[in-house]
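**Student:** Fold the following, please.
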Amino acid sequence: MSNSDIGAISARQVLDSRGRPTVEVDVRLADGSFGRASVPSGASTGTHEAHELRDGGSLYEGRGVLRAVAHVGGEIAAAVKGLDALAQRGVDARLVQLDGTARLERLGANAILGVSLAVCRAAAAHRRQPLYAHIAALAGTSAMTMPMPMVNILSGGLHAGRGMDVQDFLVIPASAGSMDEAIDFVSRVRNAAVRVMERRGLSTLLADEGGLSPGLGTGREALLLLVESIEEAGLRPGADVVIAIDVAATALWDRAAGAYRLAREGRLATSDEMIAMAEQWVAEFPVVSIEDALDEEDWPGWQRLTEKLGCAIRLVGDDLFTTNLDRMKQGIEKKVANGVLVKLNQNGTLTGTLDVVAAARAAGYAPVISARSGETEDPFIADLAVGTAAGQIKIGSVRCGERLAKYNQLLRIEEECRAPFAGMAAIRT
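**Tutor:** Residues are numbered from 1 along each chain as shown. You can find the predicted model right below:
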């Protein structure tokens, strides 16, 4: 056994930011190098995501992950013990082969991803190099960058009890020249939003990702509030700060009605009406990015949307692509969207995720590294964004420990490696 071979694996059930169980994995190599990783969980999920294995029954209202934990300590540990942690692709391939299902349903993507990420950390420790540098080597990144953050300010949809139809309204610190300055800008906007909302008597309760949940009736009202908050912060809308929107339209699709149900507005909308709404937002406000403007299977609608707005703004697919290489290739072939949200737990392994980033880049699609609504304090995605030079990261708001762990890690990385800040070049089409 060489010093970098996997020696021992164990797992446990821990809690995520919503107080729900998730999997945490420890990996120790033959030389004692150690890696630990925990797995996030989503609320707004795409049909084609890798499978999150839950126990059912009464424990944690059926959300326990003890079966996945047992798989890690048993079948998975037996299969990967003795493999070289430096050969990440080989380890991940063994994990996928062992499961034997397309969506990792047998052992659970939460079990498999926990092992994949913990192995990566242990390998970085073995090499005595920062995690982002080890990921850069795995990804073949020639020049790392610090990512531009997209930061939740106002939330609705499944992140906030459907208080608004649209899931998230985010800000991007367009004129910031560093990660430190970027976080300062967005913090100022979020604090200003609280003041504006309090003056209006609106609720300032927190949503899942730390955004504010005002419960406004239309997307336009939310955008007006966001612009006012940017100005309240002493910043210029469209110059210092621009706007991104996550519609999460799959959660709005009413299969029985064959239309999008905008419950807060009390109406149904066709694909073309959803596209027209997006066009109006872009015409009236400094919106530079829209995610999941249409349902995950509305390919004709996505084609029309891309024809209309694809040259003007970023159109990001989340539920549309689910960090799945086959879905990504399908989107490229159909010429829909021009950006892809990248979530590790949608794919199930680190190298599978890196393959999606590489395919996106090769086709001219912008990768956006993203957290989930159910997060842990593990800051892995901060290193992933830097190591892949993705250019953009979507963590959540600048509140709550599981979010701040990632922002704080980005600040540490910026100080340590002095990679250039990606800025708006990562977002402009």
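
**Student:** what residues does the longest helix anywhere in the chain touch?
**Tutor:** Secondary structure of the chain per DSSP state H: the longest helix is helix 179-200. Under the contact criterion C-beta atoms under 8 Å, 6 or more residues apart in numbering, helix 179-200 has outside partners 146, 148-149, 151, 153-154, 171, 173, 175-176, 203-204, 212, 214, 225-226, 228-230, 232-235, 240-241, 397-399, 407, 410-411, 414, 421. Every C-beta, even on glycine, is put in place using the N, C-alpha and C of the backbone.

**Student:** Among those, which lie within strands?
**Tutor:** Of the contacts of helix 179-200, the ones assigned to strands by DSSP state E are 148-149, 151, 153-154, 171.

**Student:** all helices of the stretch 101-250 of the chain, in order?
**Tutor:** With DSSP state H, counting those that start in this stretch, the ranges of helices along the stretch 101-250 of the chain come out as 109-127, 131-139, 179-200, 219-232.

**Student:** Quick check: the residue nearest the centre of the chain vs Glu198, distance?
**Tutor:** The chain has Ser370 as the residue nearest its centroid, 1.9 Å off, counting by C-alpha atoms, centre = their mean. Per C-beta to C-beta, to the nearest Å, Ser370 is found 30 Å from Glu198.

**Student:** And for Lys334?
**Tutor:** Going from Lys334 to Glu198 by C-beta to C-beta gives 46 Å.

**Student:** What's the end-to-end length of stretch 157-170?
**Tutor:** Distance across stretch 157-170, first residue to last, is 14 Å (C-alpha to C-alpha, to the nearest Å).

**Student:** Flag every buried residue along that stretch.
**Tutor:** 157-160, 163-170 (16 or more other C-beta atoms under 10 Å).

**Student:** My guess is Val115 contacts Glu75. True?
**Tutor:** No. With contact defined as C-beta atoms under 8 Å, Val115 does not reach Glu75; the gap is 11.1 Å.

**Student:** which of those two has more neighbours?
**Tutor:** The residue with more neighbours, out of Val115 and Glu75, is Val115; 32 against 15, by other C-beta atoms under 10 Å.

**Student:** With adjacent residues omitted, what lies nearest to the more buried one?
**Tutor:** Spatially, and ignoring its direct neighbours in sequence, Val115 is nearest to Val25 (5.3 Å; C-beta to C-beta, 6 or more residues apart in numbering).

**Student:** low pLDDT regions in the stretch 51-200 of the chain?
**Tutor:** 159-161 (pLDDT under 70).

**Student:** re earlier: as CSV, the helices of the stretch 101-250 of the chain with distance to Leu59 would be great.
**Tutor:** Formatted as CSV, these follow (distance: least, C-beta to C-beta, whole Å):
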stretch, distance to Leu59
helix 109-127, 16
helix 131-139, 33
helix 179-200, 36
helix 219-232, 38
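
**Student:** Now do the same for the residue nearest to Cys120 when sequence neighbours are not counted: its pLDDT.
**Tutor:** Excluding its sequence neighbours, the residue lying closest to Cys120 (C-beta to C-beta, 6+ apart) is Leu350, at 5.4 Å. On pLDDT, Leu350 comes in at 98.

**Student:** before we move on, back to that, check which residues of the longest helix of the chain are buried.
**Tutor:** Residues of helix 179-200 classed as buried by neighbour count (16+ other C-beta under 10 Å): 179, 182-183, 185-190, 192-193, 196-197.

**Student:** CA-only coordinates of that helix in CSV, if you can.
**Tutor:** The C-alpha trace of helix 179-200 is given here as CSV (Å, rounded to 0.1, in the frame of the first residue of the first chain):
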residue,chain,number,x,y,z
MET,A,179,-13.7,39.6,-3.5
ASP,A,180,-13.4,41.8,-0.4
GLU,A,181,-14.9,44.7,-2.1
ALA,A,182,-17.6,42.5,-3.7
ILE,A,183,-18.7,41.2,-0.4
ASP,A,184,-18.8,44.7,1.0
PHE,A,185,-21.1,45.9,-1.8
VAL,A,186,-23.6,43.1,-1.4
SER,A,187,-23.6,43.4,2.4
ARG,A,188,-24.4,47.1,2.0
VAL,A,189,-27.3,46.3,-0.3
ARG,A,190,-28.7,43.6,1.9
ASN,A,191,-28.6,45.9,5.0
ALA,A,192,-30.2,48.7,3.0
ALA,A,193,-33.0,46.3,1.9
VAL,A,194,-33.8,45.6,5.6
ARG,A,195,-34.1,49.4,6.2
VAL,A,196,-36.3,49.9,3.1
MET,A,197,-38.5,47.0,4.0
GLU,A,198,-38.9,48.1,7.6
ARG,A,199,-39.9,51.6,6.5
ARG,A,200,-42.6,49.9,4.3
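
**Student:** Pull the distance from that helix to the chain's centre.
**Tutor:** Its chain's C-alpha centre and that of helix 179-200 lie 22 Å apart, by C-alpha atoms, centre = their mean, to the nearest Å.
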